[in-house]
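Colleague: below are the sequence and a predicted model; questions follow.
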Amino acid sequence: MIRIIKMEPRHRGRAYEILQKTDMFTLAEISVAMELIDTFLFNEEQKDYMAHVAEDDQAEMCGYVCYGPTPATEGTFDIYWIAVAPERQNQGIGTKLLHFVEQEITRQNGRLIVIETSSQSKYAATLSFYQRNRYGLESRIADFYRPGDDRLIYIKHL
């Protein structure tokens, strides 16, 4: 059984490992992800980032999600990172993390969720995942990350 809990410092190393093992993110992207995790874990006064992990029955971290309210908006939230260990993918863990976040955002009077991702072919399963969970493609910015790698912005109204 998978349970979702607030990320703790003991999860930091495993989060880094998962980000590396997915082979989806550049070193610069992993660095940004870790910066958000560190902000959440070690700056108790911040309110911009929240992080939760999925753990199995043996308390092994299988994945995590980082999200937060979008600055200068009313009820809009960003999901910054969602990652599941490659050996645990296609087991519903990503869906559990996503549904947990949607419930948390609803509880915080959120009304809109924004997810930014890449158009690279290796993201095909990710895009399908968002679409299956009723996120719609709202925007595409050509060559945003690098030539041939568009920025895709998916949204879901709650």
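Modeller: Received it, and whenever you're ready, just let me know what you need.

Colleague: what lines up beside the longest strand that the chain contains in the sheet?
Modeller: Taking DSSP state E as the criterion, the chain has its longest strand at strand 136-146. Sheet pairing here is set by DSSP bridges, and for strand 136-146 it gives strand 149-157 (antiparallel).

Colleague: neighbouring contacts of the partner strand?
Modeller: Residues external to strand 149-157 that are found in contact with it (Cβ atoms under 8 Å, 6 or more residues apart in numbering): 102, 111-120, 127, 130, 133-145. (Glycine included, C-beta is placed from N, CA and C.)

Colleague: how far does that strand sit from its chain's centre?
Modeller: Centroid separation between strand 149-157 and its chain, computed with Cα atoms, centre = their mean, to the nearest Å, is 13 Å.

Colleague: just say helix, strand or coil for residue 134.
Modeller: For residue 134, the secondary structure call by DSSP: H, G, I helix; E, B strand; the rest coil comes out as coil.

Colleague: now do the residue nearest to it when sequence neighbours are not counted, the pLDDT please.
Modeller: Counting by Cβ to Cβ, 6 or more residues apart in numbering, the nearest residue to residue 134 once its immediate chain neighbours are dropped is residue 156, at 6.0 Å. Reading off the confidence values, residue 156 has pLDDT 98.

Colleague: next: residue 125.
Modeller: pLDDT, read off for residue 125, is 94.

Colleague: ok, the one 3 residues further on next?
Modeller: In the prediction, the pLDDT value recorded for residue 128 is 97.

Colleague: dump the C-alpha coordinates for whichever helix or strand it is part of into CSV.
Modeller: In this structure, residue 128 is located in helix 124-132 according to DSSP states H and E. Provided in CSV are the C-alpha atoms of helix 124-132 (Å, rounded to 0.1, in the frame of the first residue of the first chain):
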residue,chain,number,x,y,z
ALA,A,124,5.3,11.2,-24.5
ALA,A,125,4.2,9.1,-21.5
THR,A,126,4.2,12.1,-19.3
LEU,A,127,2.0,14.1,-21.7
SER,A,128,-0.4,11.1,-21.9
PHE,A,129,-0.4,10.9,-18.1
TYR,A,130,-1.6,14.5,-17.8
GLN,A,131,-4.2,14.1,-20.5
ARG,A,132,-5.6,10.9,-18.8
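
Colleague: helices and strands around it, which ones?
Modeller: If you count contacts as 3 or more Cβ pairs under 8 Å, 6 or more residues apart in numbering; DSSP states H and E, helix 124-132 packs onto strand 112-118.
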